[in-house]
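Trainee: I'd like to go over a predicted model; first the sequence, then the structure.
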Amino acid sequence: MLATKAKLHKEDIEFDTDGDGATSQVPTSTGGTRTGSKLNAGHIPLTTQVRQLIESGTDVEAALLYLLGKVGDPDGAATLTAAGIIRLATQDETLAGSSGSIAVSPSSLNAVVEQTVAAMVQTVSDALSSHTSNTNNPHSVTAEHVTAEQLGVAVASEILHVQEQQASGTDGHAGDTPTADDWNQRELNATVINGISGAELNNNQITLPSGTYWIEARAPAVRATNHQIRAYDVDNSATLLVGSSEYNAAGASYAQTSARLRGRIVLGGSTTIRIDHYIGYAPAAAAGFGIAVSSGAGEVYTDVFIQKLA
């Protein structure tokens, strides 16, 4: 027959709250007492949680069952499949990201994220700053103008950003007249950011290595009537993406609108891409590729943003 044993209550046990390692009289299974060390974190993990359970009125048996349920193997560390003792990672350990047996606290993770984003922002900022001395880039974009909030998710991405840039007062394509009822290759003469290894801009065309990409582009047209842009694969003579259908009047009011495209493409190998613009009408007295603002800040016409997804 099983012997009846009394439950252990908070009056029967003392906690080593000050860490002095003192001893106390603890009860035995036969009803007597013996000298033993006060309960501390060296004896049972999560002692503070057990003490809180006892002091709130819960008996020691329930507290220990709760503890064992949390710990599993009292002598072992936690694993992916078994409960156990686990340690919080330091900020350096979180940044290293090499351990699979310690936990990351929210504060440590936040600090690492901030540090990582700051480094990415600086890298992109340096790329932007390198173009400020280029006479083909009249936009004075410098590192102090760039923040993580402004860049958003782009700071953690492989991106390519290219444009047609002209000096203030210069129309698109330097005032050239487009060919009517045909696809006209848009000019691209400035690399704003290039974070894609193997990508380059050359002779108004973009070369991309194999991969999956998200592309967004826009290009203006003046008095074009119907107009539309496309992303065109030069190597394989194929249309990759077709943009929105746009219209503006061919009258002397010089109406200007922008055609846009965006979408995902998959490239099996290195591919050369250009942006073509179908323009229905070619005005004889005005540049059809965009009218200058002449604000002194420089002109931007065709604008292409590419993000590598995989």
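Mentor: Sure, I can see it. Residues are numbered from 1 along each chain as shown.
Trainee: quick one: residue 115 is in a helix?
Mentor: Yes - assessed by DSSP: H, G, I helix; E, B strand; the rest coil, residue 115 belongs to a helix.
Trainee: hang on, isn't it packed against residue 95?
Mentor: Yes - proximity of residue 115 to residue 95 meets the contact threshold set by CB atoms under 8 Å, at 6.9 Å. From N, CA and C alone the C-beta is placed, and that goes for glycine too.
Trainee: okay but residue 262 is in contact with residue 218, surely?
Mentor: No - with contacts counted by CB under 8 Å, residue 262 stays clear of residue 218, the gap being 9.2 Å.
Trainee: what about the two, which has more around it?
Mentor: Using other CB atoms under 10 Å as the criterion, residue 262 and residue 218 rank with residue 218 on top: 19 against 14.
Trainee: separation between the more buried one and residue 170?
Mentor: Separation of residue 218 from residue 170 (CB to CB, to the nearest Å): 19 Å.
Trainee: And for residue 226?
Mentor: Applying CB to CB, the value for residue 226 to residue 170 is 26 Å.
Trainee: what does residue 102 give?
Mentor: Look at residue 102 and residue 170: by CB to CB, they are 59 Å apart.
Trainee: which of those two has more neighbours?
Mentor: More neighbours surround residue 170 than the other of residue 102 and residue 170, with 17 against 14 (other CB under 10 Å).
Trainee: got the phi/psi numbers for the more buried one?
Mentor: Here is the backbone geometry of residue 170 (degrees, to the nearest 10): phi -100, psi 130.
Trainee: which residues does it contact?
Mentor: 292, 299 (CB atoms under 8 Å, 6 or more residues apart in numbering).
Trainee: separation between it and residue 271?
Mentor: To residue 271, residue 170 is 31 Å away according to CB to CB.
Trainee: and if you look at residue 307?
Mentor: From residue 307 across to residue 271, the span is 16 Å (CB to CB).
Trainee: and residue 265, bridged to which residues?
Mentor: Counting by DSSP bridges, residue 265 is bridged to residue 213.
Trainee: neighbours around it, how many?
Mentor: Counted with other CB under 10 Å, residue 265 comes out at 18.
Trainee: Surely it is in contact with residue 215?
Mentor: Yes - at 6.3 Å, residue 265 counts as touching residue 215 under the criterion of CB under 8 Å.
Trainee: Would you state the strands of the stretch 101-250 of the chain in chain order?
Mentor: Ranges of strands in the stretch 101-250 of the chain, per DSSP state E, counting those that start in this stretch, are 102-103, 158-166, 182-185, 190-194, 200-202, 205-208, 211-222, 225-233, 238-242, 246-248.
Trainee: I'd like those strands as JSON lines, with mean pLDDT appended.
Mentor: Putting the strands of the stretch 101-250 of the chain into JSON lines (pLDDT from 0 to 100) gives the following:
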{"stretch": "strand 102-103", "mean pLDDT": "78"}
{"stretch": "strand 158-166", "mean pLDDT": "94"}
{"stretch": "strand 182-185", "mean pLDDT": "94"}
{"stretch": "strand 190-194", "mean pLDDT": "94"}
{"stretch": "strand 200-202", "mean pLDDT": "95"}
{"stretch": "strand 205-208", "mean pLDDT": "97"}
{"stretch": "strand 211-222", "mean pLDDT": "93"}
{"stretch": "strand 225-233", "mean pLDDT": "94"}
{"stretch": "strand 238-242", "mean pLDDT": "96"}
{"stretch": "strand 246-248", "mean pLDDT": "87"}
